[in-house]
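In: sharing a model that was predicted from the sequence below.
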Amino acid sequence: MKRLTAGLLLLLSACQAMPQDASGTLRRIEHTRKFTVGVVAGYERGPGIDQLVQEIEHASDAHAERSRGGADALLSDLADGKIDLVVGAFAKDSPWKTEVSFGPPLGSWDEGRQQIEMKAAMRNGENRWIVLVERASRSIAQRAKAQ
């Protein structure tokens, strides 16, 4: 019985730390009070982009430092840990979906045979950061649907 109790306490203490960031992204953001956002060129004023970044700034109590570039270059920098977030329009079946974590779409439309989604991308494994960005994305998407 003592082993069972000790085992349950150990499991419980481990659960309190979930989710965690493999590289400490959110901890660094909270400490420095800044995060880097790459905005895909051509979508600087895309639907929900400004609102999403503002929501994340508020939730993290940090300031966004924005840069602009091509989607592949920004996603590569994200996967390498050079930036914290990429926002823009991405194909729903993007080949990057195994390399980065895409958040819920803020909006979508069809371009030819492809469905395009306006959304955020985060580095895989940065689970606390991913949860924060996903919550902000859902909040923005729900507000947009309500209007």
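Out: The structure has been received and is ready for your questions. Computed from a prediction, not measured in an experiment: that's the story for all the values here. Numbering: from 1, shown residues only.
In: partner strands of the strand ranked longest in the chain, parallel or antiparallel?
Out: Longest strand in the chain, counting residues (DSSP state E): strand 114-123. Applying DSSP bridges to the sheet, strand 114-123 is found paired with strand 85-91 (antiparallel), strand 100-102 (antiparallel), strand 107-111 (antiparallel).
In: mind listing what's buried in the longest one?
Out: In this case it means strand 85-91. 85-90 (16 or more other CB atoms under 10 Å). In short, each C-beta sits where N, CA and C put it, glycine included.
In: low-confidence ranges in this protein?
Out: For the chain, the stretches flagged by pLDDT under 70 are 1-18.
In: so where do the helices sit in it?
Out: 2-16, 25-32, 49-60, 71-79, 127-146 (DSSP state H).
In: nearest to residue 113, out of those?
Out: For residue 113, the closest of the helices of the chain is helix 71-79, at 18.4 Å, according to CB to CB.
In: list of residues touching the closest one?
Out: 38-40, 67, 69, 83-86, 88-90, 96, 99-100, 121-124 (CB atoms under 8 Å, 6 or more residues apart in numbering).
In: next, the angle strand 85-91 makes with it.
Out: 140 degrees (axes from the mean of the first three to the mean of the last three CA atoms, to 10 degrees).
In: now helix 71-79, how far from the centre of its chain.
Out: 13 Å (CA atoms, centre = their mean, to the nearest Å).
In: same question, stretch 82-96
Out: 9 Å.
In: that one: end-to-end distance?
Out: 16 Å (CA to CA, to the nearest Å).
In: stretch 29-41 now?
Out: Rule used - CA to CA; the end-to-end distance of stretch 29-41 is 24 Å.
In: tell me the buried residues in that stretch?
Out: 29, 35-40.
In: do stretch 139-147 as well
Out: Those would be 140-141, for stretch 139-147 by 16+ other CB under 10 Å.
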